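What follows is a predicted structure for the sequence shown.
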Amino acid sequence: MKAGRKNLKRGAVNEDSLTLQDGQSIMRVLSLRGSNLIEVADTKGEKSLALFPAKFQKSMWIKNGSFVVVDGSGKEKAIESGSKVTCIVTQVLFHEQVRKLQKSPEWPEIFKEDNINGRAHAEAITSQEANQLKSCGDEEEEDTDDDGLPPLEANTNRVQPPFMDSGSGSDSDS
């Protein structure tokens, strides 16, 4: 980790509390669109596009499920003018900050529920997939290997060297 990112993270974590100004809100990142654009969801579940400023690019990294503080003060003007980008990211919340905020009353309830339901939903999906793999493995046991994967097909892009069987010539003579 370079010194710039380390100092940014150290300064952000040492900050005791996050105070949201007028027009700012906490949002969850849904997807990265490219060209400094990210799709975010607010506390009401509404999706919108946010601009990720270039000053954060080399020092802050975000991924799906991260939390950011966005400034949506000009949202109405952007919608009226026909722009799809409605807000600007002002701060990226680190994991330690999110943990502190989840315990505070400022944290939106919908994000608490999503976090709990997301884990339960992910566990349910993995258990269902495991059950499906077991049932498929029992039915098609001869077609699959021990690892539960289907057999590999021959690679048609690779030239196979000619196979010479020296033992078969002596058997045909006798």
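Thanks, I have the structure now. Residues are numbered from 1 along each chain as shown.

so what secondary structure elements neighbour the strand ranked longest in the chain?
Using DSSP state E, we find that the single longest strand of the chain is strand 24-34. Applying 3 or more CB pairs under 8 Å, 6 or more residues apart in numbering; DSSP states H and E, one finds that strand 24-34 contacts strand 37-41, strand 47-51, strand 67-71, helix 109-139. No exception for glycine: its C-beta is placed from N, CA and C like everyone else's.

Enumerate the positions of that strand that are buried.
Along strand 24-34, these residues count as buried under the neighbour rule (16 or more other CB atoms under 10 Å): 24-29.

so residue 98 is in which element?
Using DSSP states H and E, residue 98 sits in helix 95-103.

tell me what that helix is packed against?
Against helix 95-103 (3+ CB pairs under 8 Å, 6+ apart) you get helix 3-14, helix 109-139.

Take the longest strand of the chain, keep the C-alpha atoms, and write them as CSV.
Extracted C-alpha coordinates of strand 24-34, given in CSV (Å, rounded to 0.1, in the frame of the first residue of the first chain):
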residue,chain,number,x,y,z
GLN,A,24,-25.4,14.1,1.3
SER,A,25,-26.5,10.5,1.9
ILE,A,26,-25.1,7.1,2.3
MET,A,27,-25.6,4.8,-0.7
ARG,A,28,-24.6,1.2,-1.6
VAL,A,29,-22.6,0.6,-4.8
LEU,A,30,-24.6,-1.8,-7.1
SER,A,31,-22.3,-1.9,-10.2
LEU,A,32,-19.3,-0.2,-11.8
ARG,A,33,-20.2,1.2,-15.2
GLY,A,34,-16.8,2.4,-16.3
